[in-house]
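1. Everything below, folded, please.
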Amino acid sequence: MKILPIYAALLAVLFVFLSVRTIRARRSLRIGIGHAENPVMLRAMRVHANFAEYVPLTLLLIYFVESAAARPLLVHTLGVALLVGRISHSFGVSREPEDFRFRVFGMVLTFTVILVCAAYILAVSILN
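-> Next comes the predicted model:
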């Protein structure tokens with residue numbers, strides 16, 4: 001496994017960026033817990049949480065694909081698609097008013113990576 005750690009590291013940097021942005025929103029809005037019905041805080045929390053919900057599973061799936069001796073181009077494509085998808089989604093949801101084009105594009109890329117990985121893993125498992 002040589003490729004996936006690159007994308008995991010880049011996504012980790014993005015996660016820290018989203019975390020710091022959420023912390024800054026909490027400090028500036030003086031909201032310690034929850035969102036206090038504040039739409040800015042809720043939006044920051046959802047961007048951060050959505051990342052945390054999708055990225056770990058998707059990285060694990062890409063790991064399984066790479067471990068199954070997939071071609072490096074496939075692993076890079078999956079990693080780039082996940083990274084671009086998460087950036088796009090984060091950008092779209094962070095805008096006020098929200099730009100649904102970026103949000104939808106980001107989710108489409110994320111779901112595509114998940115489904116391609118799942119199909120690849122199932123195909124390799126069935127054929128071997």
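
2. Against which helices or strands is the helix or strand encompassing Val47 packed?
-> Using DSSP states H and E, Val47 sits in helix 39-67. With contacts taken as 3 or more C-beta pairs under 8 Å, 6 or more residues apart in numbering; DSSP states H and E, helix 39-67 sits against helix 4-29, helix 72-94, helix 100-127. (C-beta placed from N, C-alpha, C; glycine too.)

3. and the angle from that helix to helix 4-29?
-> The directions of helix 39-67 and helix 4-29 differ by 170 degrees, with axes from the mean of the first three to the mean of the last three C-alpha atoms, to 10 degrees as the criterion.

4. tell me which residues of helix 39-67 are tucked away?
-> 41, 43-45, 47-48, 50-51, 54-55, 58-59, 61-66 (16 or more other C-beta atoms under 10 Å).

5. for stretch 70-82, same thing?
-> Neighbour-count burial for stretch 70-82 flags 70, 74-75, 78-79, 81-82 (criterion: 16+ other C-beta under 10 Å).

6. Please identify which of the residues you listed is nearest to Arg24.
-> Nearest to Arg24 among the buried residues of stretch 70-82 is Leu82, at 25.3 Å by C-beta to C-beta.

7. Excluding residues flanking it in the chain, which one is nearest the closest one?
-> Val113 (4.8 Å; C-beta to C-beta, 6 or more residues apart in numbering).

8. neighbours of the one you found, just the number please.
-> For Val113, the neighbour count with other C-beta atoms under 10 Å is 26.

9. Could I get the contacting residues of it?
-> For Val113, the contacting residues are 58, 61-62, 78, 81-82, 85, by C-beta atoms under 8 Å, 6 or more residues apart in numbering.
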